[in-house]
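K.L.:
Next come a sequence and a model predicted from it.
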Amino acid sequence: MTRLKTALACLFAVFQSAAAAPEDPGGWRIEAPDRMAPGEIASLELVFDINSPWQMYAPSSLNDAIGVVGLAVSLDAPEGFAVSQPDYPRPVNMGRYEVYEGPQATARIKVRAGADAMPGTYRLQGQVQYQFCKPTLCLPPQRDKLALVIEVE
């Protein structure tokens, strides 16, 4: 009987830990060319994978008013480069707030290498801020560093 109790206790512990394990709300990645020519304009895409039932708050005045952290992307370019403001996707209006739902949401930033950019390796850095929620839980806001290297030929 002791073995049965031990086996049941182990089985119960496995189910309990599986139920307590955090779900994966999603994540993000950068899709960008690794090379460009002087004067060329490239499009950087920050692709956010959003797993159901999670949502990600969009940048909006509605979300600011209720105090949730909307998506924000900032990118600093090296001297001789220019970057646009992010072009965020259109959010879904949920009444009091606006969100992005899965499977993906993509923010785009245009980067231009100056016409007189010297050949070489250039590092672009910035920050990505976002918050995932689902109907019963909001995760803490995240602030991740963003970095990429582009070679000018």
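P.N.:
Great, that's in hand. Numbers count the residues shown, from 1 in each chain.
K.L.:
Can you show me the helices along the chain?
P.N.:
Listed in chain order, the helices of the chain (DSSP state H) span 2-20, 61-66.
K.L.:
Determine which of these shows the lowest mean per-residue pLDDT.
P.N.:
Of all the helices of the chain, the minimum mean pLDDT falls on helix 2-20 (a mean of 39).
K.L.:
show me what contacts the residue nearest the centre of the chain?
P.N.:
Note on the chain: the residue nearest the mean C-alpha position is residue 28, at 3.8 Å, using Cα atoms, centre = their mean. By Cβ atoms under 8 Å, 6 or more residues apart in numbering, the contact set of residue 28 is 46, 47, 48, 49, 128, 130, 144. The way it works is simple: take the backbone N, C-alpha and C, and place the C-beta from them, glycine included.
K.L.:
how about a cut-off of 6 Å?
P.N.:
Shown here is residue 28, whose contacts under the criterion Cβ atoms under 6 Å, 6 or more residues apart in numbering are 46, 48.
K.L.:
How much space separates it from residue 46?
P.N.:
When distance is defined by Cβ to Cβ, to the nearest Å, residue 28 is 6 Å away from residue 46.
K.L.:
cool, residue 34 as well?
P.N.:
Here the criterion is Cβ to Cβ. By it, residue 34 lies 16 Å from residue 46.
K.L.:
worst-scoring helix or strand of the protein, pLDDT-wise?
P.N.:
Of the helices and strands making up the chain, the lowest-confidence element is helix 2-20, at a mean of 39, by mean pLDDT, DSSP states H and E.
K.L.:
ok so, going back, which one's more surrounded, residue 34 and residue 46?
P.N.:
residue 46 (23 against 10; other Cβ atoms under 10 Å).
K.L.:
For the more buried one, give me its contacts.
P.N.:
Under the contact definition (Cβ under 6 Å, 6+ apart), the residues listed for residue 46 are 28, 30, 73, 107.
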